[in-house]
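Q: I'd like to go over a predicted model; first the sequence, then the structure.
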Amino acid sequence: MARRERVVRMSVEQPLWRALTAYRVLTMIYAVLLFAFGHGRYERPWVAVGFLAVMCVWTLATLPKVASAVSCTRRFLVADLTLALAGILLTPLADEQAQSMDGTTLPSIWTAGAVLAYAIKGGWRWAGFASSLVAVANIIERGHPSRDTLHNVLLVWVASIAIGYVVEVARASERTLARALEIEAATRERERLARDIHDSVLQVLAMVQRRGTALGGEAAELGRMAGEQEVALRTLVAGGLTRTSYVSEDESEGAVVRVVEEPDDELRSGADLDLRALLVPRAGSRVTLSDPGTPVLLPPPAARELAAAVGAALDNVRVHAGDGARAWILVEDWGDEVIVTVRDDGPGIPEGRLAQAEGEGRMGVALSIRGRLRDLGGSAELISVPGQGTEVELKVPRAPRAPRERRGKAGTK
């Protein structure tokens, strides 16, 4: 990836540095020709000859310095601009009429090359700094701000700042392109890993799940755990918004699988979260998730609390509905509210059992489910028929927006 980034950077900046190199050589020749054809007006031509000789040697010797941003150091920029300013200030010494008549300075338009180097290297702020120094030097050289002097100063100022701004925009586009290339490379790598994992690990886990279910007993529990790990691995390979880790613990003579959600950086950004991504880790061999085909966006607190309430409902299924019970999660987006239904095929809850549990201090449904939804301004309705399972309907309102068609079982995970 670093090699590709260097190629992109050369394609964006290198033409500017090549153009600057050509500009410095051409303007050096132009300044020499101006002196050659007008040397008769100089009272001290040896001053002009001395400066132009130094300028020519400096320009040719420092051509490698303006070949790239790396070679164009700050020390070189300072020395280059100092030479240009010295040439401007030496003009009245070589031509005594320079302060009474508008005319070119000794370096002429070569000075703009020093300013453009600042613009390409550091952007419009550096360009504004360098062009301001050139403006001050031109006013000092002229003695007073004449019309031609102000015109030339303004031209250099605007041109250099504009080029500096264009350079900054080009670099921002370069960084965006580099990031897109990184994402593309990461996506291809993930797809390659997904193919390899699908051909090996996922198939093995799926086989363990099927054989364990067929054998029953402790093998069925191992099969269930293999199924959970298969779902977790598929979620990880798919690159979802959450990372899920499964921790198995011994309880009695079986195993309990606890889901621990670790929010990724994107979840911490404060933007609306896709509820589907938070519920995907809840799916497994005995939990079926059906959700819309488009994102179900909620504010981060609401999305996390609703996902936690769903987790509490599934915990109740695991604890009270028996090892063989299955559960289904249905996500529906109504536009003005989101409804999540958790249903199981367990034995159901006997009448009065919830009130008795609350009286005994076991507040799982009251606090973990109803309490969470109440804090969000929503509601939780529990319907249970003995022998026919239990259904928990969780409703969370959100800001009104354009009505949309109710979407239900758009996909199964």
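A: Sure, I can see it. Residues are numbered from 1 along each chain as shown.

Q: Quick one: the strands in this protein, in order.
A: For the chain, applying DSSP state E gives strands covering 242-251, 254-263, 273-274, 287-290, 297-298, 327-333, 337-344, 379-384, 390-397.

Q: Go through those strands and find the least confident stretch.
A: Note on the strands of the chain: strand 242-251 shows the lowest mean pLDDT, a mean of 37.

Q: what separates stretch 41-50 from the chain centre, distance-wise?
A: Offset of stretch 41-50 from its chain centre (CA atoms, centre = their mean, to the nearest Å): 58 Å.

Q: can I get the CA coordinates of it in PDB?
A: C-alpha atoms of stretch 41-50 as PDB (Å, rounded to 0.1, in the frame of the first residue of the first chain):
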ATOM      1  CA  ARG A  41      20.900  52.700 -17.900                       C
ATOM      2  CA  TYR A  42      22.700  51.200 -14.900                       C
ATOM      3  CA  GLU A  43      25.000  53.600 -13.000                       C
ATOM      4  CA  ARG A  44      26.700  50.600 -11.300                       C
ATOM      5  CA  PRO A  45      26.400  47.700 -13.800                       C
ATOM      6  CA  TRP A  46      28.900  45.700 -11.800                       C
ATOM      7  CA  VAL A  47      26.400  45.400  -9.000                       C
ATOM      8  CA  ALA A  48      23.900  43.900 -11.400                       C
ATOM      9  CA  VAL A  49      26.500  41.600 -13.000                       C
ATOM     10  CA  GLY A  50      27.500  40.400  -9.500                       C
END
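
Q: in that stretch, what's buried?
A: For stretch 41-50, burial by neighbour count (16 or more other CB atoms under 10 Å) applies to 42, 47-48. Where you see a C-beta, it was placed from the backbone N, CA and C, and this is true even at glycine.

Q: contacting residues around it?
A: 35, 39, 90, 93-97, 106 (CB atoms under 8 Å, 6 or more residues apart in numbering).

Q: Quick one, which of those are buried?
A: 35, 90, 93-95, 106.

Q: What's the local residue count around H320?
A: Neighbours of H320 under the rule other CB atoms under 10 Å: 16.

Q: what's the spacing between the residue lying closest to it once chain neighbours are set aside and V319?
A: Once flanking residues are discounted, H320 sits nearest to G346: 6.8 Å by CB to CB, 6 or more residues apart in numbering. Noted for G346: a distance of 10 Å to V319, by CB to CB, to the nearest Å.

Q: same check, this time on L177
A: L177 is 52 Å from V319, by CB to CB.

Q: Name the residue in these two with the higher neighbour count.
A: Neighbours per residue, other CB under 10 Å: of L177 and V319, the larger number sits with L177, 16 against 10.

Q: In CSV, could you pull the C-alpha coordinates for stretch 94-112?
A: What follows is stretch 94-112 as a C-alpha-only set of coordinates in CSV (Å, rounded to 0.1, in the frame of the first residue of the first chain):
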residue,chain,number,x,y,z
ALA,A,94,22.7,49.4,-9.4
ASP,A,95,20.1,51.8,-11.0
GLU,A,96,19.7,55.1,-9.2
GLN,A,97,16.6,55.9,-11.3
ALA,A,98,14.8,52.8,-10.0
GLN,A,99,13.1,54.8,-7.2
SER,A,100,11.9,57.6,-9.5
MET,A,101,10.8,55.5,-12.5
ASP,A,102,8.8,52.3,-12.6
GLY,A,103,10.9,49.4,-14.0
THR,A,104,11.9,45.9,-13.4
THR,A,105,14.0,44.8,-10.5
LEU,A,106,17.3,42.9,-10.9
PRO,A,107,15.7,39.4,-10.4
SER,A,108,12.6,40.5,-12.3
ILE,A,109,10.0,37.7,-12.4
TRP,A,110,12.5,35.2,-11.1
THR,A,111,11.4,36.3,-7.6
ALA,A,112,8.0,34.6,-8.2
